[in-house]
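Visitor: Structure for this input, please:
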Amino acid sequence: MNRPRATNYPYGAGSCLARNARKCSTSMAQQIHHQSDERAPEDSTARASSIRWKILRRALLRRHTDNESQLGIDRISRRASSDGFKLIPFQVVEPGARNWDNPDSSSTTEMPHSVKDAVVCYKLPIDGSPKLFLKQRLENQEDLHDFEICNQYNIDNTGLVCLWPSEEVLSYYCLSNAEIFRSKRVIELGSGYGLAGLVIAAATEASEIVITDGNPQVVDYIQHNIQVNSGAFGSTKVNSMLLHWKQMQVSSTPDTFDIIIASDCTFFKEFHADLAWTVKLLLKEAGPSEALFFSPKRGDSLGKFLEEASKHDLKCSIVENYDATVWNRHQDLLAGDGSWSSYLMDHCYPLLVRIMK
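Guide: I've put the predicted structure just below:
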């Protein structure tokens, strides 16, 4: 059997198909979906097509101005005043600043900024943890090239939009449970900008972390983020990979891992079989191994994925209250603390799904 068709890129790891499903941000994703949370997952194919046409329309109609570029810095999709669990403090680094003010980073060059991008500094909330600097796409910066990439790879560009709430929770969980990753080989599926993988690299003493996704544009962002933060990784080996779950169906025995992590990758039912098969192929046979998924229920989508995983002889369990801080924040949001007006448990609170062979 052949090895999986996973491509190493000189500049990073891309965005998985299932990131289309992340509906909990009131950022650009909600602007282009409007009432998408109320639609059934079965509409995903038509919805993805609609999204792409809206991307194209906006790209054709947009008129860039200096004011728009400046205002864009304040429109990072997971901004402090917007949605999110607010578990990891962050701030946008101003354009043109020299030296990233990061003692853990090997980079001393001027920060790269363009009209499309911003650099966000994440301060990991545990004593002794480093700052991480991620280059991210600003809101409403889609262009024709994004549209072409979506068509070429049959993907959406949702991984470019922002750091999604479930990824924030996954990152916080990894940071708070660093001991489970020590000396382990870890792979992240559908990583977006890769914060969780970078947290593992910087704060857990894992032996290796491979950060994967399915969009080659996000590949570039992640590899850039790996390079910029490399001084914080110690002896942990960090790589990026372009990985399409569909291609795993025809692959052979791949490299296997002790732990798989993923956030919000179970929404679209048409991807469930490919995702389950990918997990089965990537989990190590000898010795203990498991996948840790953080996924909201989203109607019956999560349940349908669990059914598909069972068909692949995977054993799954769900943990609702897996961290006291996350749970207390969830309770505050349910009580309507005002910081996340659209918060609904079914669509926004990620359950911990543990998956084993």
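
Visitor: I'd like the average pLDDT over stretch 265-282.
Guide: The average pLDDT within stretch 265-282 is 92.

Visitor: now the strands for the stretch 151-300 of the chain?
Guide: Counting by DSSP state E, counting those that start in this stretch, residue ranges of the strands within the stretch 151-300 of the chain are 185-189, 208-213, 237-242, 259-263, 290-295.

Visitor: got the contact list for the last one?
Guide: Looking back up the chat, that one is strand 290-295. Strand 290-295 has contacts (C-beta atoms under 8 Å, 6 or more residues apart in numbering) with 166, 169-170, 173, 259-267, 279, 283, 302, 305, 350-356. To be clear about C-beta, it is placed using only N, CA and C from the backbone, and glycine gets the same treatment.

Visitor: Next, the buried residues of that strand.
Guide: Judged by neighbour count using 16 or more other C-beta atoms under 10 Å, the buried positions of strand 290-295 are 290-295.

Visitor: Name the strands paired with that strand and say parallel or antiparallel.
Guide: Looking at strand 290-295 with DSSP bridges, its paired strands and their directions are strand 259-263 (parallel), strand 351-356 (antiparallel).

Visitor: now that strand against strand 185-189, angle please.
Guide: 30 degrees (axes from the mean of the first three to the mean of the last three C-alpha atoms, to 10 degrees).

Visitor: what's the answer for the fourth one, then?
Guide: Going by the same axes, to 10 degrees, strand 259-263 is angled at 20 degrees with respect to strand 185-189.

Visitor: which residues sit against strand 259-263?
Guide: With contacts defined as C-beta under 8 Å, 6+ apart, strand 259-263 is touched by 164, 166-167, 169-170, 174, 180-181, 184-190, 196-197, 200, 279, 282-283, 289-295, 350, 355.

Visitor: Any of these buried? List them.
Guide: When those are checked for burial by 16+ other C-beta under 10 Å, the buried set is 164, 166-167, 169-170, 174, 181, 184-190, 196-197, 200, 279, 282-283, 289-295, 350, 355.

Visitor: Show me how to select, in ChimeraX, the buried members of the contacts of strand 290-295.
Guide: Applying 16+ other C-beta under 10 Å to the contacts of strand 290-295, the buried members can be selected in ChimeraX as follows:
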select :166,169,170,173,259,260,261,262,263,264,265,266,267,279,283,302,305,350,351,352,353,355
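
Visitor: what pairs with the residue nearest to Ile88 when sequence neighbours are not counted across the strands?
Guide: In this structure, Ile88 finds its nearest non-sequential neighbour in Tyr122, 5.4 Å apart by C-beta to C-beta, 6 or more residues apart in numbering. Under DSSP bridges, the beta-bridge partners of Tyr122 are Phe90, Leu132.

Visitor: start at 500 instead
Guide: Let's use 500 as the start, then, which means that last one is Tyr621.

Visitor: Let me see the contact set for Tyr621.
Guide: By C-beta under 8 Å, 6+ apart, Tyr621 lies in contact with 587-589, 630-633, 694.

Visitor: Let me see the ranges of the helices in the chain.
Guide: Counting by DSSP state H, one finds helices in the chain at the ranges 527-532, 543-560, 565-571, 643-652, 664-675, 694-702, 715-727, 744-747, 771-781, 800-810, 823-833, 844-847.

Visitor: Looking at those, which is nearest to Gly658?
Guide: Relative to Gly658, the nearest member of the helices of the chain by C-beta to C-beta is helix 715-727, separated by 4.7 Å.

Visitor: Please export the C-alpha coordinates of the closest one as PDB.
Guide: Included here for helix 715-727 are C-alpha records, laid out as PDB according to Å, rounded to 0.1, in the frame of the first residue of the first chain:
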ATOM      1  CA  PRO A 715      -2.500  25.700   0.900                       C
ATOM      2  CA  GLN A 716      -3.000  29.400   1.700                       C
ATOM      3  CA  VAL A 717      -3.300  28.600   5.300                       C
ATOM      4  CA  VAL A 718      -0.200  26.400   4.900                       C
ATOM      5  CA  ASP A 719       1.800  29.600   4.200                       C
ATOM      6  CA  TYR A 720       0.500  31.300   7.400                       C
ATOM      7  CA  ILE A 721       1.200  28.300   9.600                       C
ATOM      8  CA  GLN A 722       4.700  27.800   8.400                       C
ATOM      9  CA  HIS A 723       5.400  31.500   8.800                       C
ATOM     10  CA  ASN A 724       4.000  31.200  12.400                       C
ATOM     11  CA  ILE A 725       6.200  28.200  13.100                       C
ATOM     12  CA  GLN A 726       9.300  30.000  11.900                       C
ATOM     13  CA  VAL A 727       8.600  33.100  13.900                       C
END
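
Visitor: In terms of secondary structure, what does it contact?
Guide: strand 630-636, helix 643-652, helix 694-702, strand 707-712, strand 736-741 (3 or more C-beta pairs under 8 Å, 6 or more residues apart in numbering; DSSP states H and E).

Visitor: The ones you listed: lowest mean pLDDT?
Guide: Within the helices and strands packed on helix 715-727, the stretch with the lowest mean pLDDT is helix 643-652, showing a mean of 76.

Visitor: Can you list the buried residues in that helix?
Guide: 645-646, 648-649, 652.

Visitor: What angle do helix 715-727 and that helix make with each other?
Guide: Direction vectors for helix 643-652 and helix 715-727, defined by the same axes, to 10 degrees, enclose an angle of 110 degrees.

Visitor: residue ranges with poor pLDDT in the stretch 750-856 of the chain?
Guide: Low-confidence segments of the stretch 750-856 of the chain, defined by pLDDT under 70: 750-753.

Visitor: Equivalent analysis for the stretch 500-649 of the chain, please.
Guide: Where the stretch 500-649 of the chain drops into low confidence, which here means pLDDT under 70, it does so at 500-582, 594-612.
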